[in-house]
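J.: output the structure for:
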Amino acid sequence: MAASASDVPDVLACDLACVFCGINPGRVSAAAHAHFANPRNDFWRLLHDAGFTPRQLAPAEQFELLSLGYGVTNAAYRTTPGSGDLRRGDFDRMRLEEMASRLRPRVLAFVGKEAYRGVFVERAELGPQARMLAGASLYVLPSTSPANAAVPYEERLRWFSSLRRWIEVEQREAVRALVLDGLGRVLLLRWQNDAGLWWITPGGGLEPDEDGPQGLRRELAEETGLVDVEPGPLVYERTHRVPWGERLVEQHERIFLVRIRGRDVEVAPTVDLAAENVTGHRWWTLAELEGTSERVSPPNLAELAAENLHS
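T.: Residues are numbered from 1 along each chain as shown. Model (predicted):
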């Protein structure tokens, strides 16, 4: 448990499945020193009805959440009569990022769109978000405040129940290719959804009967049209969490080196990649990778390319 400078103490521990992040303490919560203490706030009822807790906890029992694998914090620490009284400077993204880095929660779930917007200065739709924070996956829930009474209880419960299913991580084996052409350029695919754009290496999940090289040859043929290529050595391996539709996937990913001799290689996918949010491709020079401000995956891709360019 981490101490806080707030009127309401953080309920935190290492390696929690989910930390719920409200917007800030109201006066009722500040007086009770407990999160979501207003008796008209549906947070504790929703936790129980969605299956997070075996019974409905009272706000004073908030620390019992830790034994169930959950925690609670706020996007802003300052107590106000209402969230509309908050200022931009009240939101501390650095604090949340440090918390996520140090305590390693699987998911940070914002209770209300305004809590998320206060931290990231951008609007979000309800549900899983494409961005992450220091390794924590992000999810946005509807506000449980009585001020959000226009949203029916059943609708809010649907989102809480979806989160409950989403945090149960699904394991996935994946393979990807560091494709280098005759000019030493790296082939990346343009992956984009409403939350942003990334440049990713070609590849994807393995079928049940495939080994790594088999799966990679299939993925390259589908996503790039490159055939008769032989995967080279394994150059990188990682395990990371990926928001994937209605599930949260923990992906064990291996990246193999693939060299293409040509200098004017045609890339022509043989399947429709729109359903996978792939909207194009580009060959990158090492200098472009090292100098770009765009997001690439994995984050150390420039270093990987440099290490393998002349190997």
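
J.: OK, contacts around the spatially most central residue of the chain?
T.: By Cα atoms, centre = their mean, the chain has its centre lying nearest to Ser137, at 3.1 Å. Contact analysis of Ser137 by Cβ atoms under 8 Å, 6 or more residues apart in numbering lists Arg106, Val107, Leu108, Pro128, Gln129, Arg241, Pro243, Leu248. Bear in mind the C-beta positions are built from the backbone N, C-alpha and C, glycine included.

J.: who are the contact partners of the residue lying closest to Ala60 once chain neighbours are set aside?
T.: If you skip the residues right next to it in sequence, Ala60 has Ala34 as its closest partner in space, 5.6 Å away by Cβ to Cβ, 6 or more residues apart in numbering. Neighbour list for Ala34: Val8, Pro59, Ala60, Gln62 [criterion: Cβ under 8 Å, 6+ apart].

J.: and the third one, that one's in a helix?
T.: This points to Ala60. Yes: the assignment for Ala60, made by DSSP: H, G, I helix; E, B strand; the rest coil, places it in a helix.

J.: look at it and report its pLDDT.
T.: The score at Ala60 is 96. That number is its pLDDT.

J.: number of residues surrounding it?
T.: Neighbourhood size, Ala60 [other Cβ atoms under 10 Å]: 11.

J.: just checking, it touches Ala32?
T.: Yes: counting by Cβ atoms under 8 Å, Ala60 does reach Ala32; the two are 7.0 Å apart.

J.: hey, what's the closest residue to Arg295 other than its chain neighbours bridged with?
T.: Sequence neighbours aside, Trp198 is the residue nearest to Arg295 in space, at 4.7 Å (criterion: Cβ to Cβ, 6+ apart). Taking DSSP bridges as the rule, Trp198 bridges to Trp191, Arg295.

J.: how about Trp198, what does it touch?
T.: Trp191, Gln192, Glu294, Arg295, Val296, Ser297.

J.: narrow those residues to just the buried residues.
T.: Among those, those scoring as buried are Trp191, Val296, Ser297 (criterion: 16 or more other Cβ atoms under 10 Å).

J.: can you pull the contacts of the first one?
T.: Spelled out, that is Trp191. Counted by Cβ under 8 Å, 6+ apart, Trp191 has contacts Leu197, Trp198, Trp199, Ile200, Glu276, Asn277, Val278, Thr279.

J.: try the second one
T.: Applying Cβ under 8 Å, 6+ apart, one finds that Val296 lies in contact with Leu188, Trp198, Trp199, Ile200, Leu289, Ala302.
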